[in-house]
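Visitor: fold the stuff below for me.
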Amino acid sequence: MPKKQLIGIKRCTPFQSLCDGTTVTTIYTSASTPTQELPSGIITVVNTSIDCTMEVTVSEDGTALPSYTVTPQSSITIDVTRLSSVTVVCTGTDPTAFCSGSFEADLQYTAYQS
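Guide: A predicted model of the protein is given here:
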């Protein structure tokens, strides 16, 4: 019988994305992680931009959930289960400008050892 170990991940990562409304920026991915080991917990996306709005898409078990809108100078906190990715698309008045923010995560996953 494989051994299980609960592992915690705490991450705070700054990011930037072009405010053109089309550039998709991946701010988190678990692409090569087996489904049973995908993390769960709480994530926060902080929009520190002054005039860019972020559309945040969270995928659980590889399935994209409805997007969240994060207005300038605000944030959103989301409970996640089996998190596989988080992407951001920014829209602003100047499509050559960059939006900025941070991705904060407090996640746990179960690692299986044989």
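Visitor: quick one: contacts for the residue most central in space within the chain?
Guide: Geometric centre of the chain, nearest residue: residue 86, 3.2 Å, by Cα atoms, centre = their mean. The contact partners of residue 86, by Cβ atoms under 8 Å, 6 or more residues apart in numbering, come to 26-29, 43, 45, 56-59, 103. (Glycine included, C-beta is placed from N, CA and C.)
Visitor: what's across from it in the sheet?
Guide: Beta-bridge partners for residue 86, by DSSP bridges, are residue 28, residue 58.
Visitor: helices along the chain, start to end?
Guide: Using DSSP state H, the chain contains no helices.
Visitor: strands along that one, start to end?
Guide: Assigned by DSSP state E, the chain shows strands spanning 3-18, 25-29, 40-47, 52-60, 63-64, 68-70, 74-80, 83-92, 98-113.
Visitor: can you tell me how far the residue nearest to the centre of the chain is from residue 22?
Guide: 18 Å (Cβ to Cβ, to the nearest Å).
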